[in-house]
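Trainee: Next come a sequence and a model predicted from it.
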Amino acid sequence: MANLSFDEARVLIEERFTLMEESIIDGVVPPVNEGFKSSTELIFNSATQAYRESLLGCLIARIQDRTIDIRLPYVIQGEHAFNGRTLDEKVINPFLHDKEIPCSRGPYLSVFRRQVKFNGATRPGLRDKTGYDAFLNLLSIIESTEDGRELVSFLDYILYSFVLLREDARIELTRLNRISLPQCDVIVSGLLATKSGGRIPLVLTASMFQTLNEVFQLDWEVEYQGINEADQASGVGGDITITRNNEAILSAEVTERPVDRNRVIATFRHKIASTGLGDYLFFVDIENIDDAAKCQANNYFSQGHDINFIDIKNWLLVTLATLGGVGRQVFMEKVIEMLSSNDVPKSLKVAWNEQMARITS
């Protein structure tokens, strides 16, 4: 009898999927052999969604229990068969829907019905035979692999392919008509906890400056740049630069990384001194700032440069409280506008929708 834990399966998929989302953001492709890669690409290009969804279930079953015959997805088919439909209904299909990945209503309700086996005898009744051949080839590779680490590497590549599939899909961002301050706390905290390669903190900070400008009619020009865009190449002093009447009045750097003394010195030399900025802000997690960095910033104050460290979460929440309900709505619209950009990874759009679901569920 197959030894499957649906709870462990969901945890494993969630953990590895999060890592693959980060790989997409970092531009890293998980390594697999060419045979596995080429067959995976075939089934992810197939119009038959059931192939890739069933494959994920078979791989999870193989990782959990090596005695399972992954060619037998119905328990009635023998001692080493497994319940592929229940695994799909309890884990695989809900996971795909939760992550807003294009998927079917379930492969065992659409294509693989009536106790079919994953072998050549099933092939004649299928529309996409090329895709099914690739599916069978992947099953052969998986069932011949005993090494758990190699099986997880296969899982990573499959999940990476699901992330790529979602990148090509359109994801509508959820909007709310009203939002309370406690709800803002949930949203901001959840978003900042999302691994984003620095994109989410930048989106939130730039959106807040745009909101302040609009609500209080400050006549600012709020300019921001991409995460990987070099400051010197773009001619600005930081990630966000605020100007009024063509004069820079404030520049800000938004970072998830710790800031030490050497970084403060490098920032001063390359961004502050060269532009003559008087006010420069680091938007950070304040716990990531060491005392030497603060001391160095104080030293520059005597030279006419005001360098300060702002805890991004506290700043956002205090400012949202100050803005009131109308201002909070403007802020949310600014965030949605930035997240709607085509160059924003879909994982960040899903993260936004997940936070919306948290406060409305």
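Mentor: Looks like it came in fine. Predicted, not measured: the structure shown is a model, and the values here were computed from it. Residues are numbered from 1 along each chain as shown.
Trainee: In this protein, which strand is the longest?
Mentor: strand 247-254 (DSSP state E).
Trainee: So in that sheet, which strands flank that one, and in what orientation?
Mentor: strand 240-244 (antiparallel), strand 279-284 (parallel) (DSSP bridges).
Trainee: Can you report how many residues neighbour Lys313?
Mentor: 20 (other CB atoms under 10 Å). From N, CA and C alone the C-beta is placed, and that goes for glycine too.
Trainee: Would you mind naming the helix or strand containing it?
Mentor: helix 312-339 (DSSP states H and E).
Trainee: so that helix versus strand 279-284, what angle?
Mentor: Interaxial angle, helix 312-339 versus strand 279-284 (axes from the mean of the first three to the mean of the last three CA atoms, to 10 degrees): 90 degrees.
Trainee: Surely Glu310 forms part of a strand?
Mentor: For residue 310 the amino acid is Ile, not Glu. Yes: according to DSSP: H, G, I helix; E, B strand; the rest coil, Ile310 belongs to a strand.
Trainee: looking at it, it is touching Asp279, isn't it?
Mentor: No: using CB atoms under 8 Å, Ile310 makes no contact with Asp279, being 11.5 Å away.
Trainee: Return the most buried member of the strands paired with strand 247-254.
Mentor: strand 279-284 (a mean of 21; mean count of other CB atoms under 10 Å).
Trainee: Only alpha carbons, please: show that one as CSV.
Mentor: C-alpha atoms of strand 279-284 as CSV (Å, rounded to 0.1, in the frame of the first residue of the first chain):
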residue,chain,number,x,y,z
ASP,A,279,19.5,64.7,2.3
TYR,A,280,19.9,61.0,1.8
LEU,A,281,17.7,58.2,3.2
PHE,A,282,18.3,54.5,3.6
PHE,A,283,15.0,52.7,3.7
VAL,A,284,15.9,49.4,5.5
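Trainee: Enumerate every residue touching Lys90.
Mentor: Counting by CB atoms under 8 Å, 6 or more residues apart in numbering, Lys90 makes contact with Phe6.
Trainee: From Phe82, how far out is it?
Mentor: 13 Å (CB to CB, to the nearest Å).
Trainee: out of the strands paired with strand 247-254, which comes closest to Asp343?
Mentor: strand 240-244 (17.5 Å; CB to CB).
Trainee: mean confidence score for the closest one?
Mentor: In this model, strand 240-244 has a mean pLDDT of 93.
Trainee: List the residues that contact Leu250.
Mentor: So Leu250 contacts Thr241, Ile242, Leu277, Asp279, Tyr280, Leu281 (CB under 8 Å, 6+ apart).
Trainee: Could you list which residues are in contact with the fifth one?
Mentor: For Tyr280, the contacting residues are 237-238, 250-253, 267, 271-272, 305-308, by CB under 8 Å, 6+ apart.
Trainee: same check, this time on the second one
Mentor: The neighbours of Ile242, taking CB under 8 Å, 6+ apart as the test, are Phe209, Trp220, Glu221, Val222, Glu223, Ala248, Ile249, Leu250, Ser251, Ala252.
Trainee: ok, now how distant is the nearest residue to it once chain neighbours are set aside from Leu4?
Mentor: Once flanking residues are discounted, Ile242 sits nearest to Leu250: 4.4 Å by CB to CB, 6 or more residues apart in numbering. The gap separating Leu250 from Leu4 is 56 Å, by CB to CB.
Trainee: okay, now Ile312: neighbour count?
Mentor: 23.
Trainee: Let me fix that, I meant to ask about Gly57.
Mentor: Applying other CB under 10 Å, we find 25 residues neighbouring Gly57.
Trainee: Run a quick check on Arg10 versus Phe95, I expect a contact.
Mentor: Yes: counting by CB under 8 Å, Phe95 is a contact partner of Arg10 at 6.6 Å.
Trainee: With neighbour numbers in mind, choose between those two.
Mentor: A side-by-side neighbour count of Arg10 and Phe95, using other CB under 10 Å, places Phe95 first with 21 against 17.
Trainee: how is this structure carved up into domains?
Mentor: 6-167, 181-360 (automatic domain parsing).
Trainee: could the ones you listed be laid out in a markdown table, adding distance to Thr174?
Mentor: Below are the domains of the chain laid out as a markdown table (distance: least, CB to CB, whole Å):
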| stretch | distance to Thr174 |
| --- | --- |
| domain 6-167 | 11 |
| domain 181-360 | 4 |
